[in-house]
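Undergrad: here are the coordinates; sequence isn't available:
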């Protein structure tokens with residue numbers, strides 16, 4: 001139940017954003033079924049919203065195209081991971097099988113536009129049933145670290161192909177969590193997106209609670225016994241009760257988003273789960289009478305919800321570290337070392353480079369984390385509040401807006417001096433290599 005509720009915005013993103021979904025689907029269908037190309041900019045308050053929406057929309061349009069015998073190729077490029085124009089271009093060339101250009105691209109960090117146009121045109125002529133969805137995620141990082149030349153050339157190439165009446169089914173989607181990112185675009189790029197922006201900012205508490213109800217309905221459809229049905233109904237009455245809705249309303253009025261509300265419920269349910277486990281392990285005279293179980297569950301959940309702000313600020317940081325996966329803990333240690341070293345720029349790249357430098361000089365440590373995995377772990381730590389933006393507390397509106405911006409400064413979600421103590425108390429749980437433990441605790 002906790003998993004279903006926690007993943008609410010990941011697995012049901014199209015239910016939360018029906019109007020936006022229709023806009024994007026309409027553009028994709030028009031481009032793919034008529035043999036056209038187009039571009040669109042998607043803006044949201046959180047990266048999780050964008051990531052889950054892209055996953056959902058890719059599946060939905062693929063299902064639509066299957067009926068028309070059109071094959072969809074999705075090319076997703078994260079501008080933080082592929083942090084140069086050469087790498088992005090190589091990814092596009094590799095995906096469209098433009099092998100004759102790839103060596104030149106790698107060697108010269110450039111390409112001959114007319115030659116590539118011919119190659120792309122030939123690719124679609126040889127694959128008439130092919131449609132391409134090119135997604136440039138976190139475009140703000142790309143915009144801030146390049147001259148935007150490649151982006152213009154890619155858009156220009158496909159505009160030229162369209163004017164040449166070539167059947168090129170190509171849609172370029174860019175995503176960002178910066179509401180003013182368009183102001184950073186070069187003029188000739190800005191014009192491509194000026195009338196094709198979809199905003200994922202409008203959120204309603206009613207929409208959130210409606211989707212909670214949908215989850216409970218699905219849980220009830222899958223029950224196998226009357227006892228299980230009773231438990232689901234009991235949980236529903238607690239989670240959908242007035243106390244919960246009022247608490248959610250208070251947070252929502254302060255600008256919190258759907259993901260934050262899901263996290264509230266997850267933490268409250270986890271607190272209730274711990275209270276249940278404690279009672280199960282208690283002596284018989286301290287256990288709960290059957291007719292008092294629902295009352296106990298409601299009180300435990302309400303207390304956990306009231307203590308949410310304290311839990312969010314890591315009232316029990318040792319317990320948090322004990323439950324943290326080993327690789328996530330290593331990412332957190334790398335971030336803490338950046339704080340300890342008083343680095344001038346503290347962002348994702350800084351943390352990853354700190355980790356990479358340590359691994360380069362300590363190759364005997366047999367723990368390898370590639371950049372893509374490191375980024376996912378980094379974002380997870382932000383969502384858990386273990387890393388935060390200096391521009392605001394985790395979950396506040398605007399705090400996550402620029403969290404991976406190359407110029408944004410982040411910080412730890414706990415006091416730096418507490419890390420060594422927490423690691424010492426949690427070391428039996430993780431069994432970290434001595435070199436990493438030494439690196440973490442050395443000042």
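TA: Here it is on my side, so go on. Given the structure is predicted, the values throughout are model-derived calculations rather than measurements.
Undergrad: what helices or strands is the helix or strand hosting residue 334 leaning on?
TA: For residue 334, the host element (DSSP states H and E) is helix 326-340. Counting contacts by 3 or more Cβ pairs under 8 Å, 6 or more residues apart in numbering; DSSP states H and E, helix 326-340 packs against helix 348-361, helix 371-383, strand 410-412, helix 418-430, helix 434-441. Where C-beta positions appear, they are placed from N, C-alpha and C, glycine not excepted.
Undergrad: could you say what helices and strands the longest one packs with?
TA: Other elements packing on helix 348-361 under the criterion 3+ Cβ pairs under 8 Å, 6+ apart are helix 326-340, helix 371-383.
Undergrad: buried residues in the helix holding residue 334?
TA: Taking 16 or more other Cβ atoms under 10 Å as the neighbour-count basis, helix 326-340 is seen to contain the buried residues 328-338.
Undergrad: could you do stretch 358-377 as well?
TA: Buried-residue list, stretch 358-377, by 16+ other Cβ under 10 Å: 358-359, 365, 369, 371, 374-375, 377.
Undergrad: now stretch 170-188
TA: Going by 16+ other Cβ under 10 Å, stretch 170-188 has these buried residues: 170-178, 181-182, 185.
Undergrad: what of stretch 62-77?
TA: So stretch 62-77, judged by 16+ other Cβ under 10 Å, has buried residues 62, 64-65, 70, 72, 74-77.
Undergrad: and the two most separated of the residues you listed?
TA: Largest separation among the buried residues of stretch 62-77 by Cβ to Cβ: 64 and 77, giving 23.3 Å.
Undergrad: just so I know, which of the helices and strands packed on helix 348-361 lies nearest residue 129?
TA: Judging these by Cβ to Cβ, what sits closest to residue 129 is helix 371-383, at 30.3 Å.
Undergrad: let me know the angle separating the closest one from helix 326-340.
TA: Here the directions of helix 371-383 and helix 326-340 differ by 70 degrees (axes from the mean of the first three to the mean of the last three Cα atoms, to 10 degrees).
Undergrad: residues touching residue 176, list them.
TA: 41-43, 138-140 (Cβ atoms under 8 Å, 6 or more residues apart in numbering).
Undergrad: can you tell me which of these are in strands?
TA: Taking DSSP state E as the definition of strands, the contacts of residue 176 contribute 41-43.
Undergrad: so which of those residues is the closest to residue 233?
TA: For the ones in strands among the contacts of residue 176, the nearest to residue 233 is residue 42 (38.2 Å; Cβ to Cβ).
Undergrad: separation between that closest one and residue 92?
TA: 19 Å (Cβ to Cβ, to the nearest Å).
Undergrad: and what of residue 434?
TA: 44 Å.
Undergrad: between those two, who's got more neighbours?
TA: Using other Cβ atoms under 10 Å as the criterion, residue 434 and residue 92 rank with residue 92 on top: 23 against 8.
Undergrad: helix or strand: which one has that one?
TA: Counting by DSSP H and E, the element that carries residue 92 is helix 85-95.
Undergrad: next one: that helix to chain centre, how far?
TA: 23 Å (Cα atoms, centre = their mean, to the nearest Å).
Undergrad: ditto for stretch 25-35
TA: Per Cα atoms, centre = their mean, the centroid offset for stretch 25-35 relative to its chain is 26 Å.
Undergrad: ok, now stretch 373-380?
TA: 9 Å.
Undergrad: pLDDT score for residue 155?
TA: pLDDT for residue 155: 77.
Undergrad: test my guess that it contacts residue 171.
TA: No: contact between residue 155 and residue 171 fails when scored by Cβ atoms under 8 Å: they sit 11.4 Å apart.
Undergrad: between the two, what contacts are shared?
TA: residue 39.
Undergrad: can you pull out the strands in this protein?
TA: Counting by DSSP E, the strands of the chain are 37-44, 71-78, 130-137, 170-176, 197-200, 387-389, 410-412.
Undergrad: many thanks, I have nothing further to ask.
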